[in-house]
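Asker: Got a predicted model here, sequence first, then my questions.
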Amino acid sequence: MKRDRLKVGVLASGRGSNLQAIIDAIEKGDINAEIVVVISDRSDAYALVRAQKHGIPRHHIDPKAFRNKEEYELAVVERVKGYEVRLVVLAGYMRLVTKVLINAFNGDIMNIHPALLPSFRGLHAQRQTIEYGVRYSGCTVHFVTEEVDGGPVITQAVVPVYDNDTEETLSERILEKEHIIYPEAVKLFAEGRLKRMGRRVFIL
Ligand code: GRF
């Protein structure tokens, strides 16, 4: 059975290198999907420029224009829904999401975190990693739940941590892996191969 092209909406706050990796994989024909909209909470996010370069509709929605987090998120949901999005991808989106967004997409929201979850959740994961002194780290793609960086794990990749690593060198090594596993996770979703069972995700 041939599946329809998956419609993906991306939320991003910054440089958007993960967005770019997914765009590239789609343009190469690796993923049967289409990014139909990119939304940013920051007007200066380079992710918006990347979207423009690839002819993808893009919007800046300013959280300051709303009374609270829920109202802002409702506006995001409304905008994203307008593009008939089936999967929401958070790509360097620096805001905590609430159940408003999660419920609106039935939990079909992914995020990437620059550590091997459940280690080093939250901000500055690479700095936490170096300070703690582990020998290996990496990145994790997971479904988003209300628990920050605590949703079911879809896929992970591992990198070594060296004695002379700085936050920057480690981040760079991890980012290379992010650009591989995030498109892979979207591809698995697009192929209907991710089966969620409670905390676990099985790859069919
Ligand atoms: C990545 O390190 C990602 O793991 C984290 O935020 C960073 C986003 O980078 N969630 P980019 O905007 O995709 O380049």
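Answerer: It's in. Nothing here was measured: the structure is a model prediction, and the numbers come from that model.

Asker: from here on, contacts and neighbour counts on C-alpha atoms
Answerer: Fine.

Asker: how far out from the middle of the chain is stretch 63-71?
Answerer: Offset of stretch 63-71 from its chain centre (CA atoms, centre = their mean, to the nearest Å): 22 Å.

Asker: Looking at that stretch now, give me its mean pLDDT.
Answerer: Across stretch 63-71, pLDDT averages out at 96.

Asker: Stretch 95-110 now?
Answerer: Mean predicted lDDT for stretch 95-110 stands at 96.

Asker: Contacts (any at all) between the ligand and that stretch?
Answerer: No - using CA under 6 Å from any ligand atom, stretch 95-110 stays clear of the ligand, coming no nearer than 10.3 Å.

Asker: got the contact list for that stretch?
Answerer: 70, 73-74, 77, 86-90, 141-146, 148 (CA atoms under 8 Å, 6 or more residues apart in numbering).

Asker: which ones are touching V10?
Answerer: 19, 35, 37-39, 88-91.

Asker: Now do the phi/psi pair for it.
Answerer: phi -110, psi 130 (degrees, to the nearest 10).

Asker: again with V38
Answerer: With angles defined as degrees, to the nearest 10, V38 sits at phi -120, psi 130.

Asker: Next one: it relative to I23, how far apart?
Answerer: Counting by CA to CA, to the nearest Å, the separation of V38 from I23 is 11 Å.

Asker: swap in A75?
Answerer: 25 Å.

Asker: higher neighbour count, the two?
Answerer: Neighbour count, other CA atoms under 10 Å: between A75 and I23, I23 has more, with 21 against 17.

Asker: How far does stretch 146-163 stretch from one end to the other?
Answerer: In stretch 146-163, first residue to last residue: 35 Å (CA to CA).

Asker: no wait, stretch 45-59
Answerer: End-to-end distance of stretch 45-59: 11 Å, with CA to CA as the criterion.

Asker: Could you check how far stretch 13-28 is from the centre of its chain?
Answerer: Centre-to-centre, stretch 13-28 and its host chain are 10 Å apart (CA atoms, centre = their mean).

Asker: and it, anywhere near the ligand?
Answerer: Yes - shown here: stretch 13-28 in contact with the ligand (CA under 6 Å from any ligand atom) through 14-19.

Asker: Let me know the next secondary structure element after the longest helix seen in the chain.
Answerer: What stands out as the longest helix in the chain, according to DSSP state H, is helix 167-190. Next along the chain after helix 167-190, taking DSSP states H and E as the criterion, comes strand 194-197.

Asker: Okay, now the sheet partners of the helix or strand following that following strand, with direction.
Answerer: As assigned by DSSP H and E, the chain's next helix or strand after strand 194-197 is strand 200-203. Partners of strand 200-203 in the sheet, by DSSP bridges, are strand 194-197 (antiparallel).
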